[in-house]
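Novice: sequence unknown, structure follows:
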């Protein structure tokens, strides 16, 4: 994934300007920066939920996202596993139903859903909780449900905004172990976070945003703000 001279603006306010980033397949990247620094806009543009004022986003196949047809854009978004900060789970549905819903809206068959959902729940240690309603889960179990939903399309890129903000240190560490395992299996991980402890312990690539610009981009980086 490559950002070439990206500028993003909301009306007259420029949020990101002249951003150039290359993220190789299989990388693990932290995005850090204060609120309003541009991290969220960066993620939204990657999802093509926020269009650009100028510049290009090139996917791993060398195609400009702006040139995608509606069908191609849907396929592209299926290659991304998105985990939102506010979860966006359906509280009155079970763990299984929440994960299955992500397949239903994309037109998968009942057979495919029945086969795939238990496989993914087993990966995040939630198979025993599959018929439990989301509103009764612990914070750690909710996070794992979100990961399962993000993994349901077997995405190559996993994007997460503030994964550990509502967890205690033990569960936050477990989340990072899980994401590290996914990264080691070949998944690209892109994570926006304010968690200095996690960033410093993981020793991954760290990209720092400030006032709409990249002020640091280091391999094996630390929390530098």
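Specialist: Looks like it came in fine. No experiment lies behind these values; they were computed from the predicted model shown.
Novice: mind pulling the model confidence for residue 62?
Specialist: We have a pLDDT of 93 for residue 62.
Novice: with adjacent residues omitted, what lies nearest to residue 161?
Specialist: Residue nearest to residue 161 in three dimensions, not counting chain neighbours: residue 85, with 4.4 Å by C-beta to C-beta, 6 or more residues apart in numbering. (Glycine included, C-beta is placed from N, CA and C.)
Novice: just the element for that neighbour, please.
Specialist: Assessed by DSSP states H and E, residue 85 sits outside every helix and strand.
Novice: and the helix ranked longest in the chain, average pLDDT?
Specialist: Secondary structure assigned by DSSP state H gives helix 169-184 as the longest helix of the chain. In this model, helix 169-184 carries a mean pLDDT of 86.
Novice: now do that helix: which elements does it pack against?
Specialist: If you count contacts as 3 or more C-beta pairs under 8 Å, 6 or more residues apart in numbering; DSSP states H and E, helix 169-184 packs onto strand 28-32, helix 139-151, strand 157-161, strand 188-192, helix 196-202.
Novice: same list (the ones you listed) but as TSV, adding distance to residue 52, mean neighbour count and mean pLDDT.
Specialist: Below are the helices and strands packed on helix 169-184 laid out as TSV (distance: least, C-beta to C-beta, whole Å; neighbours: other C-beta atoms under 10 Å; pLDDT from 0 to 100):
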stretch	distance to residue 52	mean neighbour count	mean pLDDT
strand 28-32	18	22	96
helix 139-151	24	22	89
strand 157-161	17	21	90
strand 188-192	18	23	94
helix 196-202	27	16	92
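Novice: nearest to residue 219, of these?
Specialist: With C-beta to C-beta, the closest approach to residue 219 among these belongs to strand 28-32: 9.9 Å.
Novice: partners of the closest one, with directions?
Specialist: Strand 28-32 pairs in its sheet with strand 188-192 (parallel), strand 205-210 (parallel), by DSSP bridges.
Novice: what's the angle from that strand to helix 169-184?
Specialist: With axes from the mean of the first three to the mean of the last three C-alpha atoms, to 10 degrees as the basis, strand 28-32 and helix 169-184 are set at 130 degrees to each other.
Novice: and the helix or strand just after strand 28-32, what's its mean pLDDT?
Specialist: Later in the chain than strand 28-32, the nearest helix or strand by DSSP H and E is helix 39-46. Mean per-residue pLDDT for helix 39-46: 88.
Novice: quick one: which of the strands paired with strand 28-32 is nearest residue 26?
Specialist: Nearest of the strands paired with strand 28-32 to residue 26, taken as C-beta to C-beta: strand 188-192 at 5.9 Å.
Novice: residues in contact with that closest one?
Specialist: Strand 188-192 is contacted by residues 1, 23-32, 39-40, 42-43, 46, 156-163, 179, 182-183 when judged by C-beta atoms under 8 Å, 6 or more residues apart in numbering.
Novice: residues in contact with residue 141?
Specialist: By C-beta under 8 Å, 6+ apart, the residues touching residue 141 are 95, 126, 129.
Novice: before we move on, back to that, number of nearby residues for the residue nearest to residue 161?
Specialist: 14 (other C-beta atoms under 10 Å).
Novice: now swap in residue 75 and tell me
Specialist: For residue 75, the count of nearby residues is 11 (other C-beta under 10 Å).
Novice: what of the one 3 residues further on?
Specialist: Using other C-beta under 10 Å, the number of residues around residue 78 comes to 15.
Novice: that one touches residue 155, doesn't it?
Specialist: Yes. With contact defined as C-beta atoms under 8 Å, residue 78 reaches residue 155; the gap is 7.0 Å.
Novice: thank you, goodbye.
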